[in-house]
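Novice: here you go, sequence then predicted model.
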Amino acid sequence: MPETIHAVVHQKIAEMNLTQNKLAEMFGMTSSKLSKILTGKREPYIQFLKAVHQKLGIDGNVILERV
């Protein structure tokens with residue numbers, strides 16, 4: 001399993017064959033904000049983590065262990 005939340009999300013994006021723009025749309029955020037979170041330039045915030053759990057189906061424990 002990937003070590004960081006960024007890696008977990010990138011892996012899930014690949015598995016689901018999503019683009020970053022589509023993911024941003026699913027999460028209700030701009031592509032630039034999502035990009036900053038995924039590259040580590042911005043810390044993930046609670047709404048982002050909640051969306052990762054709900055929209056991508058990633059277990060909450062996996063998320064919490066990597067934030």
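Specialist: That came through fine.

Novice: now for the protein, the helix or strand with the poorest mean pLDDT.
Specialist: helix 60-66 (a mean of 88; mean pLDDT, DSSP states H and E).

Novice: sticking with Lys50, tell me its helix or strand.
Specialist: Assigned by DSSP states H and E, Lys50 belongs to helix 46-56.

Novice: for Leu23, that is, sorry about that
Specialist: Using DSSP H and E, Leu23 maps to helix 20-27.

Novice: just to revisit the earlier point, can you give the contact residues for the least confident helix or strand of the chain?
Specialist: Met1, Pro2, Glu3, Thr4, Ile5, Val8, Leu49, Val52, His53 (Cβ atoms under 8 Å, 6 or more residues apart in numbering). Using the backbone N, CA and C atoms, a C-beta is placed for each residue, glycine as well.

Novice: who touches the residue most central in space within the chain in this structure?
Specialist: For the chain, the residue nearest the mean C-alpha position is Val9 (4.2 Å; Cα atoms, centre = their mean). If you count contacts by Cβ under 8 Å, 6+ apart, Val9 has them with Leu23, Leu38, Val52, Leu56, Ile58.

Novice: which of those residues sits closest to Val67?
Specialist: Using Cβ to Cβ, Val52 comes nearest to Val67 of the contacts of Val9, at 10.0 Å.
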